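Trainee: The amino acid sequence is not available; the structure is as follows:
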């Protein structure tokens, strides 16, 4: 399929602004660039409040005053280098209100100041805290899901693998699952579609800047969850994965879905044809983003109803 007409217009708009490629920026410059595109959400939410999740900053979104809600642990993307709670405020509001269940968004520390494994450790800490304190959050510890996009999808599935929490589902939005960056979609979608192959090299360079010879290498399953053992992956919860056709990460997301499915994990993988990486966070420009959020919210509602 050709590039979606809204996406083509969006990419032309970005190109007209003359921003330098991400890989030519410092992390500080990249964060400043990202903040320029922040727009405060006006989507109604019953309540939201910042919480201390075991020493990790987080934000709780409640869709109603009801107790014993399901809880979605949300882990944002940004290549482990940028983005924060505010950048994902609109998505989390929509997920909470449309699913009817609570969302806890985690503000993990970022590379390169805090490289691997700190972002993952923060997410594990916050998730375990949420499980242990679910009742105080108005939630049911037995009805938890984990969701994240891009680098957050990477961290989300690693949380599902290693937190010890029995999730009802993991929801992964164009997840980074293979740091080797060797799939065919890396070649086909290397340049011109927002996220580029050189940008992914830049992200991994900052995230893995303190890695040793094996721990934290691109071949480490704690970095590349696609490379986890069958024994680990066979224990994964039911999985919902979204990929985008014009995304360097498209193939590895679908390869991860196939590995899980082959191991007997109930898995749904939806490719958004004509779309690019990060289309969900560009919903104000791209209608498919809102459609994907609605799909995710519907999955959360259904799985947390039981």
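Mentor: That came in fine, so what should we check first? Just so it is clear, the structure is predicted and the values come from calculations on it, not from any experiment. Numbers count the residues shown, from 1 in each chain.

Trainee: where does the stretch 201-306 of the chain have low pLDDT?
Mentor: 211-214 (pLDDT under 70).

Trainee: In it, mark out all the helices, start to finish.
Mentor: Here the stretch 201-306 of the chain has its helices, by DSSP state H, counting those that start in this stretch, at 230-233, 250-262, 287-304.

Trainee: Please work out which of these is packed deepest.
Mentor: Highest mean neighbour count of the helices of the stretch 201-306 of the chain: helix 250-262, a mean of 21 (counted as mean count of other C-beta atoms under 10 Å). C-betas here are computed from N, CA, C, even on glycine.

Trainee: Please name every helix or strand in contact with it.
Mentor: helix 184-188, strand 239-246, strand 267-276 (3 or more C-beta pairs under 8 Å, 6 or more residues apart in numbering; DSSP states H and E).

Trainee: Any chance of a markdown table for the ones you listed, columns mean neighbour count and distance to residue 128?
Mentor: Shown next, in a markdown table, are those (neighbours: other C-beta atoms under 10 Å; distance: least, C-beta to C-beta, whole Å):
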| stretch | mean neighbour count | distance to residue 128 |
| --- | --- | --- |
| helix 184-188 | 15 | 34 |
| strand 239-246 | 24 | 21 |
| strand 267-276 | 19 | 25 |
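
Trainee: between those, which one is nearest to residue 137?
Mentor: strand 239-246 (23.1 Å; C-beta to C-beta).

Trainee: and stretch 64-71, how far from the chain's centre?
Mentor: Remark: stretch 64-71 is offset 23 Å from the chain centroid, using C-alpha atoms, centre = their mean, to the nearest Å.

Trainee: For residue 154, report the pLDDT, please.
Mentor: The confidence metric pLDDT takes the value 98 at residue 154.

Trainee: For it, which residues are in contact?
Mentor: 148, 175, 176, 177, 225 (C-beta atoms under 8 Å, 6 or more residues apart in numbering).

Trainee: how much space between the fourth one and residue 255?
Mentor: Yep, that's residue 177 we're talking about. Distance of residue 177 to residue 255, given as C-beta to C-beta, to the nearest Å: 7 Å.

Trainee: any shared contact partners between those two?
Mentor: Going by C-beta under 8 Å, 6+ apart, residues that sit against residue 177 and also against residue 255 are residue 226.
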